[in-house]
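Novice: below are the sequence and a predicted model for it; my questions follow.
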Amino acid sequence: MQKTIDAFFKLLEFLVVVCLVAMVIMVFGNVVLRYGFNSGISVSDEMSRYCFIWLTYIGAMVAMREKGHLGVDTLVRRLPLGGKKMCFFLSEIMMLGCNALFFWGTWKMHDLQVTNVSVVVGISMIWIYGIGYITAAVMGAMNVHKLALLLTGRLAESDLVMVVESEDQVALTETTPEVRGRT
């Protein structure tokens with residue numbers, strides 16, 4: 001099961017790269033065409049916008065898995081174990097609620113987006129905004145999984161603080177004391 005989940009997130013990371021590369025190529029190519037040849041590709045503006053939307057949603061899923069979202073842990077780090085567990089529980093419940101609202105909002109807009117067609121490309125806008133279903137479901141599943149780990153006692157105290165240190169801090173703590181003293 002873990003291999004499937006890892007493969008899914010590798011696919012998401014690949015899609016983020018594809019969206020970013022496609023955006024760069026389309027926007028740069030269109031700039032060169034407009035200023036160099038006084039023409040342009042009208043589809044590239046719209047498609048780069050859609051790639052940006054997908055990149056944002058997919059990136060949010062990847063960042064949640066890697067604990068890459070912004071957070072403040074000043075208070076939580078100072079709490080006793082029970083307080084950390086309560087904050088973790090409340091945080092996951094609130095995120096799960098937000099994901100449920102996000103899914104519901106996408107559902108409520110579904111009929112409108114199906115009938116709404118993009119101006120230049122001519123595709124149904126549900127292909128663009130339907131990513132909300134996937135994002136809400138994946139992130140909600142991650143919230144439920146974390147809650148299950150918490151309620152069954154399978155989380156270490158270090159897992160209860162959801163903020164990951166910056167790369168500079170991690171690299172500094174991984175060096176030996178002798179190296180730290182010289183820098």
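Specialist: Everything's here; your move.

Novice: report how many residues lie close to Val32.
Specialist: Residue crowding around Val32 was assessed by other Cβ atoms under 10 Å; the count is 11. The C-beta positions use only the backbone N, C-alpha and C, and glycine is treated the same way.

Novice: next: the one 3 residues further on.
Specialist: By other Cβ under 10 Å, 9 other residues sit near Tyr35.

Novice: in the strand or helix carrying it, which residues are buried?
Specialist: Element membership of Tyr35, judged by DSSP states H and E, is helix 2-37. By neighbour count on 16 or more other Cβ atoms under 10 Å, the buried set for helix 2-37 is Phe9, Leu12, Glu13, Leu15, Val16, Cys19, Ala22, Met23, Met26, Val27, Asn30.

Novice: I'd say the fifth one and Ala60 touch.
Specialist: Read that as Val16. No: Val16 lies out of contact with Ala60 (Cβ atoms under 8 Å); the separation is 10.2 Å.

Novice: that's a helix at Arg154, yeah?
Specialist: No: secondary structure of Arg154 (DSSP: H, G, I helix; E, B strand; the rest coil): coil, not part of a helix.

Novice: what's the spacing between it and Leu160?
Specialist: Note on Arg154: its distance to Leu160, by Cβ to Cβ, to the nearest Å, is 12 Å.

Novice: higher neighbour count, these two?
Specialist: Leu160 (21 against 9).

Novice: and the residue at minimal distance from the centre of the chain, what's its pLDDT?
Specialist: Centroid-nearest residue in the chain, with Cα atoms, centre = their mean: Ala60, separated by 0.9 Å. Note on Ala60: pLDDT of 95.

Novice: so it is in which element?
Specialist: According to DSSP H and E, Ala60 maps onto helix 42-65.

Novice: list the buried residues of the next helix or strand after that helix.
Specialist: Next helix or strand after helix 42-65 toward the C-terminus (DSSP H and E): helix 74-78. Residues of helix 74-78 classed as buried under the neighbour-count rule (16+ other Cβ under 10 Å) are Val76.

Novice: and the helix or strand following helix 74-78 with helix 42-65, angle?
Specialist: Downstream of helix 74-78, the first helix or strand assigned by DSSP H and E is helix 81-115. Computed by axes from the mean of the first three to the mean of the last three Cα atoms, to 10 degrees, the angle separating helix 81-115 from helix 42-65 equals 160 degrees.

Novice: which helices and strands does helix 81-115 pack with?
Specialist: Helix 81-115 is packed against helix 74-78, helix 126-129, helix 131-151, with contacts defined by 3 or more Cβ pairs under 8 Å, 6 or more residues apart in numbering; DSSP states H and E.
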